[in-house]
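Asker: Turn this into a structure:
(one chain, ligands or ions: 1)
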Amino acid sequence: MSKTIFVLNGPNLNMLGKREPGIYGGKTLADIEADCKAAGAELGLTIDFRQSNHEGILVDWLHEAADTAAGVAFNAGAYTHTSVALHDAIRAISPVPVIEVHISNVHAREEFRHKSMIAPAAKGVISGFGPQSYILALQALKTITQ
Ligand code: DQA
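Answerer: Below you'll find the predicted structure:
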């Protein structure tokens with residue numbers, strides 16, 4: 001049976017395609033979901049792809065992952081830089097691996113994006129490869145959950 005991977009997306013990522021295309025590119029979140037599902041099919045992974053603008057819902061989905069997912073690719077958006085609750089939720093679901101994902105290279109942007117609250121709890125971080133960051137995270141999850 002193929003493993004389920006949650007791909008979780010935080011605030012404002014539903015605006016991809018319209019939102020600052022010079023930074024995030026022209027793909028919509030639906031395009032990225034389709035790319036993740038195609039890559040998942042090739043990797044033998046079932047992709048459960050979700051987005052919420054609400055921190056507590058992201059916490060709930062991480063808890064759900066503890067029971068149903070082999071791993072999580074997580075673009076927490078701006079909550080990356082602020083959320084102790086998401087840090088704690090990632091720690092709470094250990095040993096389920098969570099990979100922090102960013103479309104943009106957060107370290108090449110404003111200083112407030114250089115700090116990640118969730119990176120110390122995550123298995124690793126992939127940042128700066130555009131929508132391909134998601135696919136790289138799926139490849140990494142395939143390898144580390146084998
Ligand atoms: C982002 C980077 C964050 O700093 C920002 O708040 C986002 C998107 C990215 O994917 O590059 O919403 O996570």
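
Asker: Which parts of the chain are helices?
Answerer: 21-24, 29-43, 55-68, 84-92, 132-144 (DSSP state H).

Asker: list the helices and strands the second one packs on?
Answerer: Under the contact definition 3 or more Cβ pairs under 8 Å, 6 or more residues apart in numbering; DSSP states H and E, helix 29-43 sits against strand 3-9, strand 45-51, helix 132-144. Every C-beta, even on glycine, is put in place using the N, C-alpha and C of the backbone.

Asker: let's see 6 Å
Answerer: Judged by 3 or more Cβ pairs under 6 Å, 6 or more residues apart in numbering; DSSP states H and E, helix 29-43 is in contact with strand 45-51, helix 132-144.

Asker: that older thread, now the helices of the chain in TSV, with mean neighbour count, distance to the ligand and mean pLDDT?
Answerer: Output for those, formatted as TSV (neighbours: other Cβ atoms under 10 Å; distance: least, Cβ to the nearest ligand atom, whole Å; pLDDT from 0 to 100):
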stretch	mean neighbour count	distance to the ligand	mean pLDDT
helix 21-24	12	7	95
helix 29-43	17	10	98
helix 55-68	16	13	98
helix 84-92	18	12	98
helix 132-144	19	7	98
